[in-house]
Each structure stands twice: as C-alpha cells, then as structure tokens.
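J.: Sequence plus the predicted model coming up.
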Amino acid sequence: MRLLLLAGTTEARLIAGALAAARLPAIASLAGATRTPEPLALPTRIGGFGGAEGFERFLRTNAISAVLDATHPFAVAISLRTAAICQAQGVPFVQFLRPAWTPGDGDAWTFLNTEADAARHIPDTARILMATGRQSLDRFAGLSGRTVFVRVVDPPRDPFPWPHGQWLPGRPPFTLTEECDLLMRLRIDWLVVRNSGGSSSRIKLDAARDLGLPVAVLRRPQQPEGPKVSTVSAAVAWARAHL
C-alpha cells in the first residue's frame, strides 16, 4: 500500500519532502511539462498515464491505496479525471488547493472569465507581461496588436505566437526587486495572470501594485467535488490517516 502524489507545484515539493521525512510509503508523479524539473524527495515518475485506462491500470499495478492531487489549480482536466476514477475505484482522494488570491488596497485587478476576455480590457498599444504559462496562449485571441512578453520556465522550441514580443525564460521564485526591475525595464503596461494562489508566485502581483500597474486575473476553473486541504501539514495528516 502506498500513496500517489500528483505533483508539479511548489507545495507538492514541500509535501513530498514531508512524506519522505515521515517515511510514509509514497510515489510522486510529474506530467512532464517542464524539461528539467527540480528533484522531489520521493521516487518520481514523469509523463502521462495514457488516459483514463492507463491511470486505472497504474493504480492497480502499483498498489496505490490513496491519491493526493497537488497539481496546479488550472490543471483541472487532470484533477477532474483523477477524482472521478478514484471515486469509481473506491480509492481515497484528496485535492490540495491553495487559497485563491484576492485584491487588497492599491491593487487594480480586472477579473477575466476566459482568456479571450483579455482583449476587451487591454488597450491595443499595451505592452503586456503574460505570466499564465504557454499551454493556454492560443486562447488569448485578439491580442495581436499588443507587444507581449511571455514568462516561461524552459526556452520554448516553438516560434513566438505574436508579431511583437518575446519569450522570457526564467525559473521562479523571483524577488520583489527582480519583478519590479523586469516590469520597469520592459515598460510593461499590463500584467496578465491566472489566479493560481500561493505566496511565492504572488510577488509579481505585489510588484504590479507597487508600480501602479493594472492586472488582468483569470478566474479559476471549476474544481472537482470532494475533500480538499489547503496546507502542507493538513495534506500530510490526511496521508497518515489513509496509509
């Protein structure tokens, strides 16, 4: 019997470390979106499972007795599939979901229901820092007149999707000073983010507030029903109770 940790976030790395320190039997899984992921403290597999049937087979052949989903809040397809299969197979499941960001004094946020909504709010001549990951860039229709800078972890092999702008490779975390310097150096007018939550990735929002920049914030997709935890300690306690 062992736990499957679906990883890929900062908190998943902390959970993996805590599970390893507690000597709880667990294996981690990474989707493989990052070419050189930082190592986890648990035995780790990388890559997809081969669809729903492949995931079900993995649960059976690896004696998985519980699943802890600590993937990104916007990796909702993975979370929905995982929750549904675990429910059908009678495997205990919990989702780690960090609290969403909320605006405070001095923040100038515009909430977006879909990526396509960005073009309705951001002026045609704006210079944009896109901090949404590259997987969803094709959904930001109508931004072709803007100058767009896209933050990525790995230098992409694909051509840049807009006529004006460039990729900005870099591995977080970044400091507030680094974020402010970047926004000023690139003369950014708008920041575009997903409401990922988390303290480390919020630094870019703090930088935008300090510089008086507007931010377009993409709302989270609907998450799967089922039990949730929002702290590393609660996730580890849940794992202890189900192993």
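T.: The structure has been received and is ready for your questions.
J.: Grab the longest helix from the protein for me.
T.: Identified as the longest helix of the chain according to DSSP state H is helix 76-89.
J.: distance of the most centrally placed residue in the chain from residue 113?
T.: Nearest to the mean C-alpha position of the chain, counting by Cα atoms, centre = their mean, stands residue 72 at 3.4 Å. Distance, residue 72 to residue 113, by Cβ to Cβ, to the nearest Å: 19 Å. No exception for glycine: its C-beta is placed from N, CA and C like everyone else's.
J.: Surely residue 163 is in contact with residue 146?
T.: No. Using Cβ atoms under 8 Å, residue 163 makes no contact with residue 146, being 9.6 Å away.
J.: Enumerate every residue touching residue 158.
T.: Residue 158 makes contact with residue 134, according to Cβ atoms under 8 Å, 6 or more residues apart in numbering.
J.: circling back to that earlier point, and the helix or strand following the longest helix of the chain, which strands flank it?
T.: Per DSSP states H and E, the first helix or strand lying C-terminal to helix 76-89 is strand 93-96. Using DSSP bridges, strand 93-96 pairs in its sheet with strand 64-69 (parallel), strand 228-229 (parallel).
J.: Turn these into CSV, columns for distance to residue 48.
T.: CSV is the format used below for these (distance: least, Cβ to Cβ, whole Å):
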stretch, distance to residue 48
strand 64-69, 15
strand 228-229, 24
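J.: Which one of those lies nearest to residue 27?
T.: Closest of the strands paired with strand 93-96 to residue 27 is strand 64-69, at 7.9 Å (criterion: Cβ to Cβ).
J.: Please compute how far the closest one lies from its chain's middle.
T.: Taking the mean of its C-alpha atoms, strand 64-69 sits 20 Å from the chain's own mean (Cα atoms, centre = their mean, to the nearest Å).
J.: Domain map for this protein?
T.: The chain breaks down into these domains under automatic domain parsing: 2-98+222-241, 109-218.
J.: Now the ones you listed in JSON lines, please, with extra columns for mean pLDDT.
T.: Listed next are the domains of the chain as JSON lines, based on pLDDT from 0 to 100:
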{"stretch": "domain 2-98+222-241", "mean pLDDT": "95"}
{"stretch": "domain 109-218", "mean pLDDT": "94"}
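J.: So which residues of this protein form helices?
T.: Assigned by DSSP H, the chain shows helices spanning 10-21, 51-61, 76-89, 118-121, 176-185, 203-210, 232-241.
J.: count of residues packed around the closest residue to residue 154 other than its chain neighbours?
T.: Using Cβ to Cβ, 6 or more residues apart in numbering and skipping the chain neighbours, the partner closest in space to residue 154 is residue 35 (4.8 Å). Each residue near residue 35 was counted by other Cβ atoms under 10 Å, and the total is 9.
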